[in-house]
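1. no sequence for this one, just the structure:
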(Lines give C-alpha, C1' and ligand atoms only; values in the text may rest on other atoms or scores of the structure.)
Protein backbone atom coordinates (compact mmCIF):
# COMPACT_ATOMS: atom_id res chain seq x y z
CA UNK A 1 0.00 0.00 0.00
CA UNK A 2 1.25 3.49 -0.79
CA UNK A 3 0.71 6.24 1.76
CA UNK A 4 -0.75 9.27 0.01
CA UNK A 5 -0.66 12.96 0.74
CA UNK A 6 -4.02 14.36 1.71
CA UNK A 7 -5.33 17.89 1.97
CA UNK A 8 -5.24 18.85 5.62
CA UNK A 9 -8.01 20.42 7.63
CA UNK A 10 -8.49 24.12 7.14
CA UNK A 11 -5.84 26.35 8.81
CA UNK A 12 -8.38 27.44 11.45
CA UNK A 13 -9.19 23.85 12.38
CA UNK A 14 -5.55 22.83 12.15
CA UNK A 15 -4.53 25.53 14.61
CA UNK A 16 -7.43 24.65 16.92
CA UNK A 17 -6.38 21.01 17.15
CA UNK A 18 -2.65 21.50 16.69
CA UNK A 19 -2.64 19.37 13.55
CA UNK A 20 0.04 19.49 10.84
CA UNK A 21 -0.74 21.17 7.55
CA UNK A 22 -0.61 17.83 5.76
CA UNK A 23 -1.70 14.38 6.79
CA UNK A 24 -1.70 10.90 5.40
CA UNK A 25 -4.37 8.28 5.50
CA UNK A 26 -3.96 4.70 4.35
CA UNK A 27 -6.84 4.32 1.98
CA UNK A 28 -6.85 0.84 0.56
CA UNK A 29 -6.66 0.84 -2.37
CA UNK A 30 -4.66 4.04 -2.24
CA UNK A 31 -5.82 7.19 -3.90
CA UNK A 32 -5.34 10.83 -3.09
CA UNK A 33 -8.25 12.39 -1.27
CA UNK A 34 -9.98 14.92 -3.42
CA UNK A 35 -8.87 13.19 -6.63
CA UNK A 36 -12.43 13.05 -8.00
CA UNK A 37 -13.09 16.64 -8.97
CA UNK A 38 -16.64 17.93 -8.60
CA UNK A 39 -16.98 21.40 -10.08
CA UNK A 40 -20.02 23.63 -9.62
CA UNK A 41 -19.80 24.49 -13.33
CA UNK A 42 -20.63 20.90 -14.27
CA UNK A 43 -24.25 19.88 -14.99
CA UNK A 44 -26.17 18.56 -11.99
CA UNK A 45 -26.37 15.01 -13.37
CA UNK A 46 -22.60 14.92 -13.82
CA UNK A 47 -21.97 16.19 -10.29
CA UNK A 48 -24.34 13.57 -8.90
CA UNK A 49 -22.58 10.85 -10.89
CA UNK A 50 -19.17 11.93 -9.58
CA UNK A 51 -20.35 12.17 -5.99
CA UNK A 52 -22.05 8.76 -6.11
CA UNK A 53 -19.97 6.00 -4.54
CA UNK A 54 -19.17 6.58 -0.86
CA UNK A 55 -22.80 6.03 0.09
CA UNK A 56 -22.77 2.76 -1.84
CA UNK A 57 -19.68 1.54 0.02
CA UNK A 58 -21.33 2.39 3.33
CA UNK A 59 -24.59 0.71 2.33
CA UNK A 60 -22.80 -2.62 1.86
CA UNK A 61 -22.46 -2.92 5.62
CA UNK A 62 -26.23 -2.65 5.93
CA UNK A 63 -26.91 -5.79 3.90
CA UNK A 64 -24.20 -8.15 5.17
CA UNK A 65 -24.90 -11.73 6.41
CA UNK A 66 -25.57 -10.47 9.94
CA UNK A 67 -28.61 -8.61 8.66
CA UNK A 68 -29.81 -11.79 7.00
CA UNK A 69 -29.83 -13.75 10.26
CA UNK A 70 -31.87 -11.17 12.18
CA UNK A 71 -34.25 -10.50 9.29
CA UNK A 72 -34.87 -14.19 8.55
CA UNK A 73 -35.59 -15.07 12.18
CA UNK A 74 -37.75 -11.97 12.63
CA UNK A 75 -39.79 -12.79 9.51
CA UNK A 76 -40.13 -16.46 10.39
CA UNK A 77 -41.13 -15.96 14.03
CA UNK A 78 -43.25 -12.82 13.80
CA UNK A 79 -44.19 -12.45 10.14
CA UNK A 80 -43.99 -8.84 8.91
CA UNK A 81 -44.63 -7.47 12.43
CA UNK A 82 -41.04 -6.20 12.83
CA UNK A 83 -40.77 -4.65 9.37
CA UNK A 84 -41.21 -1.21 10.92
CA UNK A 85 -38.02 -1.80 12.92
CA UNK A 86 -36.12 -2.30 9.65
CA UNK A 87 -37.54 0.95 8.26
CA UNK A 88 -36.86 3.06 11.36
CA UNK A 89 -33.35 1.59 11.69
CA UNK A 90 -32.64 2.56 8.09
CA UNK A 91 -33.91 6.10 8.66
CA UNK A 92 -31.70 6.31 11.76
CA UNK A 93 -28.76 5.13 9.65
CA UNK A 94 -29.44 7.85 7.08
CA UNK A 95 -29.40 10.50 9.80
CA UNK A 96 -26.16 9.29 11.39
CA UNK A 97 -24.35 8.74 8.11
CA UNK A 98 -25.35 12.26 7.04
CA UNK A 99 -23.74 13.62 10.20
CA UNK A 100 -20.61 11.59 9.49
CA UNK A 101 -20.25 12.97 5.97
CA UNK A 102 -20.89 16.53 7.23
CA UNK A 103 -18.02 16.20 9.68
CA UNK A 104 -15.67 14.97 6.98
CA UNK A 105 -16.61 17.54 4.34
CA UNK A 106 -16.65 20.56 6.66
CA UNK A 107 -13.51 19.87 8.71
CA UNK A 108 -11.34 17.74 6.44
CA UNK A 109 -11.05 15.27 9.33
CA UNK A 110 -12.60 11.86 9.65
CA UNK A 111 -14.32 10.88 12.90
CA UNK A 112 -11.30 8.98 14.25
CA UNK A 113 -8.92 11.87 13.55
CA UNK A 114 -11.29 14.37 15.14
CA UNK A 115 -11.65 12.17 18.24
CA UNK A 116 -7.88 11.82 18.55
CA UNK A 117 -7.47 15.58 18.42
CA UNK A 118 -10.29 16.27 20.86
CA UNK A 119 -10.08 13.62 23.59
CA UNK A 120 -7.48 12.38 26.07
CA UNK A 121 -5.28 9.40 25.06
CA UNK A 122 -7.10 7.06 27.46
CA UNK A 123 -10.48 7.98 25.98
CA UNK A 124 -9.19 7.53 22.46
CA UNK A 125 -7.76 4.13 23.25
CA UNK A 126 -11.14 3.08 24.63
CA UNK A 127 -12.94 4.41 21.54
CA UNK A 128 -10.45 2.63 19.29
CA UNK A 129 -10.96 -0.68 21.09
CA UNK A 130 -14.74 -0.33 20.79
CA UNK A 131 -14.47 0.43 17.06
CA UNK A 132 -12.17 -2.56 16.53
CA UNK A 133 -14.61 -4.82 18.40
CA UNK A 134 -17.36 -3.66 16.07
CA UNK A 135 -15.24 -4.47 13.01
CA UNK A 136 -14.37 -7.93 14.33
CA UNK A 137 -18.03 -8.63 15.20
CA UNK A 138 -19.02 -7.61 11.68
CA UNK A 139 -16.24 -9.74 10.21
CA UNK A 140 -17.43 -12.77 12.19
CA UNK A 141 -20.77 -12.39 10.41
CA UNK A 142 -19.00 -12.12 7.05
CA UNK A 143 -16.94 -15.25 7.76
CA UNK A 144 -20.00 -17.25 8.78
CA UNK A 145 -22.09 -15.91 5.90
CA UNK A 146 -19.46 -16.68 3.27
CA UNK A 147 -18.81 -20.13 4.76
CA UNK A 148 -22.53 -20.84 4.71
CA UNK A 149 -22.81 -19.74 1.08
CA UNK A 150 -19.95 -22.05 0.09
CA UNK A 151 -21.53 -24.87 2.08
CA UNK A 152 -24.95 -24.41 0.53
CA UNK A 153 -23.85 -23.84 -3.06
CA UNK A 154 -20.94 -26.27 -3.32
CA UNK A 155 -21.43 -28.73 -0.47
CA UNK A 156 -18.27 -27.60 1.33
CA UNK A 157 -18.22 -28.26 5.09
CA UNK A 158 -18.71 -25.22 7.31
CA UNK A 159 -15.26 -25.57 8.86
CA UNK A 160 -13.65 -25.81 5.43
CA UNK A 161 -15.68 -22.79 4.30
CA UNK A 162 -14.44 -20.82 7.29
CA UNK A 163 -10.86 -21.74 6.41
CA UNK A 164 -11.38 -20.64 2.79
CA UNK A 165 -12.53 -17.20 3.93
CA UNK A 166 -8.97 -16.53 5.11
CA UNK A 167 -8.01 -16.36 1.44
CA UNK A 168 -10.06 -13.22 0.87
CA UNK A 169 -6.90 -11.36 1.88
CA UNK A 170 -5.64 -12.26 -1.60
CA UNK A 171 -8.57 -10.38 -3.15
CA UNK A 172 -7.66 -7.28 -1.15
CA UNK A 173 -4.00 -7.66 -2.12
CA UNK A 174 -5.02 -7.98 -5.76
CA UNK A 175 -6.66 -4.55 -5.58
CA UNK A 176 -3.42 -2.84 -4.56
CA UNK A 177 -2.83 0.28 -6.59
CA UNK A 178 -6.32 0.46 -8.02
CA UNK A 179 -8.36 3.61 -7.63
CA UNK A 180 -11.29 4.18 -5.34
CA UNK A 181 -13.68 4.41 -8.27
CA UNK A 182 -12.68 0.87 -9.33
CA UNK A 183 -13.49 -0.45 -5.85
CA UNK A 184 -16.84 1.36 -5.96
CA UNK A 185 -17.57 -0.25 -9.33
CA UNK A 186 -16.82 -3.74 -7.96
CA UNK A 187 -19.06 -3.14 -4.95
CA UNK A 188 -21.81 -1.80 -7.21
CA UNK A 189 -21.71 -5.06 -9.18
CA UNK A 190 -22.00 -7.12 -5.99
CA UNK A 191 -24.85 -4.97 -4.65
CA UNK A 192 -26.72 -5.26 -7.95
CA UNK A 193 -26.29 -9.04 -7.75
CA UNK A 194 -27.87 -9.08 -4.29
CA UNK A 195 -30.71 -6.82 -5.39
CA UNK A 196 -31.58 -8.80 -8.52
CA UNK A 197 -31.51 -12.11 -6.63
CA UNK A 198 -34.00 -10.86 -4.04
CA UNK A 199 -36.19 -9.18 -6.62
CA UNK A 200 -36.64 -12.51 -8.40
CA UNK A 201 -37.28 -14.32 -5.11
CA UNK A 202 -39.93 -11.81 -4.04
CA UNK A 203 -41.68 -12.28 -7.40
CA UNK A 204 -41.60 -16.05 -6.87
CA UNK A 205 -42.88 -15.99 -3.27
CA UNK A 206 -45.83 -13.63 -4.01
CA UNK A 207 -46.14 -11.92 -0.61
CA UNK A 208 -49.39 -10.65 0.87
CA UNK A 209 -48.80 -6.95 0.33
CA UNK A 210 -51.61 -5.97 2.69
CA UNK A 211 -49.87 -7.84 5.53
CA UNK A 212 -46.57 -6.27 4.51
CA UNK A 213 -48.13 -2.80 4.74
CA UNK A 214 -49.46 -3.62 8.22
CA UNK A 215 -45.93 -4.58 9.25
CA UNK A 216 -44.85 -1.00 8.64
CA UNK A 217 -47.00 0.16 11.58
CA UNK A 218 -45.17 0.05 14.96
CA UNK A 219 -46.62 -2.32 17.56
CA UNK A 220 -45.98 -3.12 21.23
CA UNK A 221 -44.63 -6.57 20.42
CA UNK A 222 -41.06 -5.65 21.38
CA UNK A 223 -42.27 -4.52 24.82
CA UNK A 224 -43.86 -7.86 25.65
CA UNK A 225 -41.76 -10.49 23.89
CA UNK A 226 -38.07 -10.78 24.94
CA UNK A 227 -37.15 -12.54 21.70
CA UNK A 228 -38.77 -9.80 19.65
CA UNK A 229 -36.78 -7.24 21.66
CA UNK A 230 -33.52 -9.09 21.01
CA UNK A 231 -34.27 -9.31 17.31
CA UNK A 232 -35.23 -5.63 17.17
CA UNK A 233 -31.94 -4.64 18.83
CA UNK A 234 -30.12 -7.03 16.52
CA UNK A 235 -31.75 -5.42 13.48
CA UNK A 236 -30.73 -2.01 14.82
CA UNK A 237 -27.14 -3.14 15.37
CA UNK A 238 -27.01 -4.81 11.98
CA UNK A 239 -28.38 -1.71 10.28
CA UNK A 240 -26.59 1.14 12.05
CA UNK A 241 -23.01 -0.09 12.13
CA UNK A 242 -20.62 1.94 14.30
CA UNK A 243 -17.52 1.55 12.12
CA UNK A 244 -19.46 2.81 9.10
CA UNK A 245 -19.58 6.24 10.75
CA UNK A 246 -15.77 6.35 10.81
CA UNK A 247 -15.61 5.02 7.27
CA UNK A 248 -18.06 7.48 5.74
CA UNK A 249 -16.48 10.56 7.32
CA UNK A 250 -13.25 9.57 5.59
CA UNK A 251 -14.14 8.22 2.13
CA UNK A 252 -16.47 11.13 1.39
CA UNK A 253 -13.29 13.21 1.15
CA UNK A 254 -12.25 11.39 -2.04
CA UNK A 255 -14.37 14.02 -3.77
CA UNK A 256 -12.89 17.47 -4.29
CA UNK A 257 -15.01 20.59 -3.93
CA UNK A 258 -14.00 24.23 -3.75
CA UNK A 259 -13.27 25.51 -0.25
CA UNK A 260 -16.02 28.12 -0.13
CA UNK A 261 -19.00 27.88 2.20
CA UNK A 262 -21.38 27.56 -0.75
CA UNK A 263 -19.29 24.74 -2.21
CA UNK A 264 -19.36 22.92 1.13
CA UNK A 265 -23.14 23.26 1.28
CA UNK A 266 -23.40 21.81 -2.19
CA UNK A 267 -21.01 18.99 -1.26
CA UNK A 268 -23.12 18.11 1.78
CA UNK A 269 -26.33 18.23 -0.26
CA UNK A 270 -25.02 16.03 -3.07
CA UNK A 271 -23.36 13.57 -0.68
CA UNK A 272 -26.56 13.37 1.34
CA UNK A 273 -28.45 12.40 -1.81
CA UNK A 274 -25.85 9.72 -2.48
CA UNK A 275 -26.27 8.41 1.06
CA UNK A 276 -30.08 8.44 1.12
CA UNK A 277 -30.37 6.69 -2.25
CA UNK A 278 -27.77 4.05 -1.34
CA UNK A 279 -29.26 3.33 2.08
CA UNK A 280 -32.74 3.18 0.57
CA UNK A 281 -31.42 0.36 -1.61
CA UNK A 282 -30.10 -1.36 1.53
CA UNK A 283 -33.51 -0.82 3.18
CA UNK A 284 -35.24 -2.51 0.24
CA UNK A 285 -32.86 -5.48 0.45
CA UNK A 286 -33.38 -5.90 4.20
CA UNK A 287 -37.11 -5.46 3.83
CA UNK A 288 -37.08 -8.07 1.07
CA UNK A 289 -35.24 -10.57 3.29
CA UNK A 290 -37.75 -10.16 6.12
CA UNK A 291 -40.69 -10.23 3.69
CA UNK A 292 -39.32 -13.35 2.00
CA UNK A 293 -39.02 -15.12 5.38
CA UNK A 294 -42.46 -13.91 6.43
CA UNK A 295 -44.19 -15.02 3.22
CA UNK A 296 -42.28 -18.25 2.58
CA UNK A 297 -42.09 -19.51 6.17
CA UNK A 298 -44.31 -17.75 8.74
CA UNK A 299 -47.36 -17.66 6.48
CA UNK A 300 -47.02 -21.43 5.92
CA UNK A 301 -46.58 -22.37 9.57
CA UNK A 302 -42.76 -22.55 9.53
CA UNK A 303 -42.19 -20.24 12.52
CA UNK A 304 -38.95 -21.77 13.76
CA UNK A 305 -36.69 -20.96 10.80
CA UNK A 306 -33.85 -19.31 12.70
CA UNK A 307 -30.91 -20.42 10.54
CA UNK A 308 -29.87 -19.21 7.11
CA UNK A 309 -29.28 -22.79 5.98
CA UNK A 310 -32.80 -23.73 7.05
CA UNK A 311 -34.15 -20.95 4.87
CA UNK A 312 -32.05 -22.14 1.94
CA UNK A 313 -33.27 -25.74 2.14
CA UNK A 314 -36.91 -24.80 2.71
CA UNK A 315 -37.23 -22.24 -0.08
CA UNK A 316 -37.53 -24.62 -3.01
CA UNK A 317 -40.35 -26.86 -1.68
CA UNK A 318 -42.29 -23.95 -0.20
CA UNK A 319 -41.87 -21.51 -3.06
CA UNK A 320 -42.15 -24.14 -5.77
CA UNK A 321 -39.20 -22.99 -7.87
CA UNK A 322 -35.82 -24.71 -7.82
CA UNK A 323 -33.99 -21.50 -8.66
CA UNK A 324 -35.11 -19.76 -5.44
CA UNK A 325 -32.52 -21.37 -3.16
CA UNK A 326 -29.72 -20.93 -5.72
CA UNK A 327 -30.44 -17.21 -5.95
CA UNK A 328 -30.52 -17.10 -2.14
CA UNK A 329 -27.05 -18.69 -1.95
CA UNK A 330 -25.57 -16.45 -4.65
CA UNK A 331 -26.89 -13.34 -2.91
CA UNK A 332 -25.45 -14.54 0.41
CA UNK A 333 -22.02 -15.06 -1.16
CA UNK A 334 -22.12 -11.59 -2.76
CA UNK A 335 -23.14 -10.04 0.56
CA UNK A 336 -20.22 -11.61 2.41
CA UNK A 337 -17.65 -10.62 -0.19
CA UNK A 338 -18.85 -7.04 -0.67
CA UNK A 339 -18.47 -6.37 3.05
CA UNK A 340 -14.84 -7.47 2.89
CA UNK A 341 -13.80 -4.36 0.99
CA UNK A 342 -15.51 -1.85 3.24
CA UNK A 343 -14.38 -3.63 6.42
CA UNK A 344 -10.77 -3.34 5.30
CA UNK A 345 -11.05 0.35 4.48
CA UNK A 346 -12.85 1.08 7.77
CA UNK A 347 -10.12 -0.70 9.71
CA UNK A 348 -7.44 1.33 7.96
CA UNK A 349 -9.26 4.59 8.67
CA UNK A 350 -9.71 3.74 12.36
CA UNK A 351 -6.10 2.66 12.90
CA UNK A 352 -4.73 5.74 11.17
CA UNK A 353 -7.10 8.12 12.88
CA UNK A 354 -6.73 6.87 16.45
CA UNK A 355 -3.19 5.48 16.45
CA UNK A 356 -1.52 7.12 13.44
CA UNK A 357 -0.43 3.61 12.58
CA UNK A 358 0.05 2.62 8.95
CA UNK A 359 0.35 -0.98 7.83
CA UNK A 360 -0.23 -2.51 4.39
CA UNK A 361 -3.91 -3.09 3.77
CA UNK A 362 -3.46 -6.84 3.26
CA UNK A 363 -1.88 -7.07 6.73
CA UNK A 364 -4.79 -5.15 8.19
CA UNK A 365 -7.22 -7.46 6.42
CA UNK A 366 -5.36 -10.56 7.60
CA UNK A 367 -5.28 -9.39 11.24
CA UNK A 368 -9.01 -8.67 11.27
CA UNK A 369 -9.85 -11.92 9.55
CA UNK A 370 -7.75 -14.00 11.98
CA UNK A 371 -9.52 -12.36 14.93
CA UNK A 372 -12.85 -13.24 13.33
CA UNK A 373 -11.86 -16.78 12.33
CA UNK A 374 -11.13 -17.86 15.92
CA UNK A 375 -14.65 -17.31 17.39
CA UNK A 376 -16.29 -18.47 14.15
CA UNK A 377 -14.25 -21.71 14.03
CA UNK A 378 -14.62 -22.63 17.68
CA UNK A 379 -18.26 -21.53 17.71
CA UNK A 380 -19.08 -23.98 14.91
CA UNK A 381 -17.05 -26.71 16.66
CA UNK A 382 -18.93 -26.12 19.91
CA UNK A 383 -22.45 -25.35 18.71
CA UNK A 384 -22.40 -27.14 15.38
CA UNK A 385 -24.16 -26.04 12.21
CA UNK A 386 -27.32 -25.20 14.15
CA UNK A 387 -25.47 -22.55 16.15
CA UNK A 388 -24.53 -20.36 13.18
CA UNK A 389 -27.75 -18.35 13.36
CA UNK A 390 -27.26 -17.73 17.07
CA UNK A 391 -23.72 -16.49 16.46
CA UNK A 392 -24.86 -14.25 13.62
CA UNK A 393 -27.61 -12.62 15.70
CA UNK A 394 -25.17 -12.32 18.63
CA UNK A 395 -22.64 -10.51 16.46
CA UNK A 396 -25.28 -7.94 15.53
CA UNK A 397 -26.22 -7.43 19.19
CA UNK A 398 -22.53 -6.72 19.89
CA UNK A 399 -22.63 -4.07 17.16
CA UNK A 400 -25.65 -2.44 18.76
CA UNK A 401 -23.88 -2.34 22.14
CA UNK A 402 -20.94 -0.53 20.51
CA UNK A 403 -23.11 2.08 18.80
CA UNK A 404 -23.25 4.68 21.61
CA UNK A 405 -19.44 4.84 21.71
CA UNK A 406 -19.38 6.04 18.10
CA UNK A 407 -22.55 8.13 18.10
CA UNK A 408 -21.68 10.17 21.21
CA UNK A 409 -18.46 11.72 19.81
CA UNK A 410 -20.11 12.14 16.40
CA UNK A 411 -22.91 14.25 17.89
CA UNK A 412 -20.57 16.19 20.18
CA UNK A 413 -18.26 17.08 17.30
CA UNK A 414 -21.11 18.03 14.97
CA UNK A 415 -22.52 20.27 17.69
CA UNK A 416 -19.23 22.12 18.23
CA UNK A 417 -19.62 25.66 16.87
CA UNK A 418 -15.85 26.28 16.80
CA UNK A 419 -15.25 23.16 14.76
CA UNK A 420 -18.27 23.17 12.45
CA UNK A 421 -18.94 26.90 12.18
CA UNK A 422 -22.14 27.63 10.27
CA UNK A 423 -22.59 23.89 9.75
CA UNK A 424 -23.05 23.23 13.46
CA UNK A 425 -25.75 20.68 14.31
CA UNK A 426 -28.89 22.55 15.37
CA UNK A 427 -32.65 22.43 15.72
CA UNK A 428 -34.78 19.48 14.75
CA UNK A 429 -31.88 17.47 13.36
CA UNK A 430 -29.96 17.86 16.62
CA UNK A 431 -32.98 16.87 18.73
CA UNK A 432 -33.64 13.83 16.53
CA UNK A 433 -30.01 12.70 16.72
CA UNK A 434 -29.83 12.92 20.52
CA UNK A 435 -33.24 11.25 20.86
CA UNK A 436 -31.95 8.42 18.67
CA UNK A 437 -28.90 7.97 20.90
CA UNK A 438 -31.13 7.86 23.97
CA UNK A 439 -33.41 5.29 22.32
CA UNK A 440 -30.46 3.07 21.40
CA UNK A 441 -29.11 3.25 24.97
CA UNK A 442 -32.51 2.38 26.46
CA UNK A 443 -32.93 -0.55 24.04
CA UNK A 444 -29.45 -1.86 24.87
CA UNK A 445 -30.06 -1.60 28.61
CA UNK A 446 -33.39 -3.42 28.25
CA UNK A 447 -31.70 -6.15 26.25
CA UNK A 448 -28.91 -6.56 28.79
CA UNK A 449 -31.49 -6.86 31.57
CA UNK A 450 -33.24 -9.62 29.65
CA UNK A 451 -29.98 -11.45 29.05
CA UNK A 452 -28.78 -11.14 32.63
CA UNK A 453 -32.20 -11.86 34.11
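-> Yep, it's here. A quick note: this is a predicted structure, and the numbers were derived from the prediction, not measured. Residues are numbered from 1 along each chain as shown.

2. going by C-alpha atoms from here, please, whenever you check contacts or count neighbours.
-> Will do.

3. helices of the stretch 301-450 of the chain, start to end?
-> 308-315, 323-355, 361-383, 388-414, 417-420, 427-452 (DSSP state H, counting those that start in this stretch).

4. what's the closest of the ones you listed to residue 269?
-> Shortest separation from residue 269 across those is recorded for helix 427-452, at 14.7 Å, computed as Cα to Cα.

5. helices or strands up against that closest one?
-> helix 83-107, helix 226-239, helix 388-414 (3 or more Cα pairs under 8 Å, 6 or more residues apart in numbering; DSSP states H and E).

6. change it to 7 Å
-> If contacts are counted by 3 or more Cα pairs under 7 Å, 6 or more residues apart in numbering; DSSP states H and E, helix 427-452 sits against helix 226-239, helix 388-414.

7. quick one on the thing from earlier: most tightly packed of the helices of the stretch 301-450 of the chain?
-> Of the helices of the stretch 301-450 of the chain, the one with the most neighbours on average (mean count of other Cα atoms under 10 Å) is helix 323-355, at a mean of 24.

8. possible to save the helices of the stretch 301-450 of the chain as JSON lines with distance to residue 128 and mean pLDDT?
-> Listed next are those as JSON lines, based on distance: least, Cα to Cα, whole Å; pLDDT from 0 to 100:
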{"stretch": "helix 308-315", "distance to residue 128": "32", "mean pLDDT": "74"}
{"stretch": "helix 323-355", "distance to residue 128": "6", "mean pLDDT": "81"}
{"stretch": "helix 361-383", "distance to residue 128": "14", "mean pLDDT": "80"}
{"stretch": "helix 388-414", "distance to residue 128": "10", "mean pLDDT": "84"}
{"stretch": "helix 417-420", "distance to residue 128": "22", "mean pLDDT": "91"}
{"stretch": "helix 427-452", "distance to residue 128": "19", "mean pLDDT": "84"}
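
9. the ones you listed: which one's closest to residue 55?
-> That would be helix 323-355 among those, by Cα to Cα, at 11.2 Å.

10. what is the orientation angle of that closest one with helix 308-315?
-> Helix 323-355 runs at 160 degrees relative to helix 308-315, counting by axes from the mean of the first three to the mean of the last three Cα atoms, to 10 degrees.

11. angle of helix 323-355 against helix 361-383?
-> Relative orientation of helix 323-355 versus helix 361-383 (the same axes, to 10 degrees): 120 degrees.

12. what helices or strands is helix 323-355 leaning on?
-> helix 54-60, helix 65-78, helix 111-118, helix 121-154, helix 180-205, helix 242-251, helix 308-315.

13. now the most centrally placed residue in the chain: closest residue in space that isn't a chain neighbour?
-> Centroid-nearest residue in the chain: residue 61, 2.5 Å away (criterion: Cα atoms, centre = their mean). Nearest residue to residue 61, sequence neighbours excluded (Cα to Cα, 6 or more residues apart in numbering): residue 339, at 5.9 Å.

14. roughly how far apart are that neighbour and residue 113?
-> 23 Å (Cα to Cα, to the nearest Å).

15. for residue 345, same thing?
-> For residue 345 relative to residue 113 (Cα to Cα), the value is 15 Å.

16. now do residue 309
-> Counting by Cα to Cα, the gap from residue 309 to residue 113 is 41 Å.

17. mind listing what residue 203 touches?
-> Applying Cα atoms under 7 Å, 6 or more residues apart in numbering to residue 203 gives no contacts.

18. and the pLDDT for it?
-> pLDDT, residue 203: 85.

19. and for residue 266?
-> pLDDT, residue 266: 89.

20. part of a helix, is it?
-> Yes - the assignment for residue 266 (DSSP: H, G, I helix; E, B strand; the rest coil) places it in a helix.

21. how many other residues sit next to it?
-> By the criterion of other Cα atoms under 10 Å, residue 266 has 16 neighbours.

22. distance across stretch 407-421, terminal residue to terminal residue?
-> Stretch 407-421 stretches 20 Å from its first residue to its last (Cα to Cα).

23. swap in stretch 417-430?
-> Note: stretch 417-430 ends 13 Å apart using Cα to Cα.

24. re the thing from before, can I get the helices and strands packed on helix 323-355 in TSV including distance to residue 232?
-> Output for the helices and strands packed on helix 323-355, formatted as TSV (distance: least, Cα to Cα, whole Å):
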stretch	distance to residue 232
helix 54-60	19
helix 65-78	8
helix 111-118	27
helix 121-154	17
helix 180-205	22
helix 242-251	17
helix 308-315	18
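
25. of all the ones you listed, which one comes closest to residue 399?
-> helix 121-154 (5.4 Å).

26. please identify the buried residues of that closest one?
-> Neighbour counts using 16 or more other Cα atoms under 10 Å place 124, 127-128, 130-153 of helix 121-154 among the buried residues.

27. now do stretch 210-223
-> Quick answer for stretch 210-223 (16+ other Cα under 10 Å): 212, 215, 216, 222.

28. contacts for that stretch?
-> 80, 81, 82, 83, 84, 228, 229.

29. surely residue 295 touches residue 202?
-> No - using Cα atoms under 7 Å, residue 295 is not in contact with residue 202, being 9.0 Å away.

30. more neighbours: the two, which one.
-> Neighbour count, other Cα under 10 Å: between residue 295 and residue 202, residue 295 has more, with 26 against 19.

31. residues contacting the more buried one?
-> Here residue 295 is in contact with 205, 207 (Cα under 7 Å, 6+ apart).

32. the host helix or strand of it: which residues count as buried?
-> In the assignment (DSSP states H and E), residue 295 maps to helix 261-296. For helix 261-296, the neighbour count (16+ other Cα under 10 Å) marks 263-264, 266-268, 270-296 as buried.

33. looking at it, residue 393 is touching residue 69, isn't it?
-> Yes - applying Cα under 7 Å, one finds residue 393 in contact with residue 69, separated by 6.0 Å.

34. sorry, back to before: can you redo the helices of the stretch 301-450 of the chain as TSV, where the extra columns are distance to residue 42?
-> Shown next, in TSV, are those (distance: least, Cα to Cα, whole Å):
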stretch	distance to residue 42
helix 308-315	46
helix 323-355	29
helix 361-383	34
helix 388-414	29
helix 417-420	27
helix 427-452	30
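
35. of all those helices, which one is nearest residue 91?
-> Closest among those, using Cα to Cα: helix 427-452, at 10.5 Å.

36. re the thing from before, quick one, the helix holding residue 295 and helix 65-78 angle?
-> Using the same axes, to 10 degrees: helix 261-296 against helix 65-78 is 40 degrees.
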